[in-house]
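Novice: Pasted the sequence and its predicted model underneath.
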Amino acid sequence: MNILSKKDEILAALGNIRAMERLHVDTHTEKKIKNISGIKIAESKQGQIWVSFQELNGFLFMNSTILSHLNLKTIRGTKITILTNDYEIEIDSDEKEIESDFSNVSNTWITKVSFVLDAKEKEIIENRNFEEIEYQLKKGKLKFLMKK
């Protein structure tokens with residue numbers, strides 16, 4: 001054990017909040033990361049994306065879970081672009097406020113986002129008839145390549 005972690009233990013015992021945060025092991029978020037529902041459809045060095053589908057009141061939803069090393073939090077909503085051989089499909093997120101949870105165990109952010117789809121878009125995603133999925137960020141894009 002090094003001197004800095006010993007120092008944090010002493011400070012945490014005295015009630016220092018920052019030292020407590022540094023020592024905290026986030027098992028709750030790590031459990032979410034290990035038990036993601038759905039199927040992994042795409043991945044890259046930037047992260048991974050899992051999806052599951054759900055129908056509510058005649059609307060078809062794609063519930064996505066994204067693991068990355070970036071905080072994808074926003075209050076403006078987001079878009080994904082599905083790139084196929086022939087065309088691009090842009091899909092807006094169902095909700096505007098999106099939050100990410102951080103796990104200090106694996107140094108990973110987990111973000112859940114829902115998108116409203118039509119039957120054709122669902123078929124393309126389920127059958128993996130795409131080359132790439134781009135997740136829009138405020139200052140760029142996360143690119144995920146289809147997982148075979």
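Specialist: Nice, I can see it.
Novice: mind saving the C-alpha coords of stretch 76-87 as PDB?
Specialist: The C-alpha coordinates for stretch 76-87 follow below in PDB (Å, rounded to 0.1, in the frame of the first residue of the first chain):
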ATOM      1  CA  ARG A  76     -30.500  18.300 -25.500                       C
ATOM      2  CA  GLY A  77     -31.100  14.700 -26.500                       C
ATOM      3  CA  THR A  78     -29.000  12.900 -29.100                       C
ATOM      4  CA  LYS A  79     -29.100  11.100 -32.400                       C
ATOM      5  CA  ILE A  80     -27.700   7.900 -33.800                       C
ATOM      6  CA  THR A  81     -26.900   7.400 -37.500                       C
ATOM      7  CA  ILE A  82     -27.100   4.000 -39.000                       C
ATOM      8  CA  LEU A  83     -24.800   3.700 -42.000                       C
ATOM      9  CA  THR A  84     -25.800   1.000 -44.500                       C
ATOM     10  CA  ASN A  85     -24.200   0.200 -47.900                       C
ATOM     11  CA  ASP A  86     -26.900   2.200 -49.600                       C
ATOM     12  CA  TYR A  87     -28.000   5.000 -47.300                       C
END
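Novice: How about that stretch, which residues are buried there?
Specialist: Going by neighbour count (16 or more other Cβ atoms under 10 Å), the buried part of stretch 76-87 is Thr78, Ile80, Thr81, Ile82, Leu83. Using the backbone N, CA and C atoms, a C-beta is placed for each residue, glycine as well.
Novice: Beta-bridge partners for the closest residue to Lys79 other than its chain neighbours, please?
Specialist: Nearest non-adjacent residue to Lys79, counting by Cβ to Cβ, 6 or more residues apart in numbering: Gln136, 4.4 Å away. Gln136 forms beta bridges with Lys141, as assigned by DSSP bridges.
Novice: what do you get for Ile89?
Specialist: Under the criterion used (DSSP bridges), Ile89 bridges to Ile82.
Novice: what residue is smack in the middle of this structure?
Specialist: Compute the mean C-alpha point of the chain, and by Cα atoms, centre = their mean the closest residue is Ile66, 2.1 Å away.
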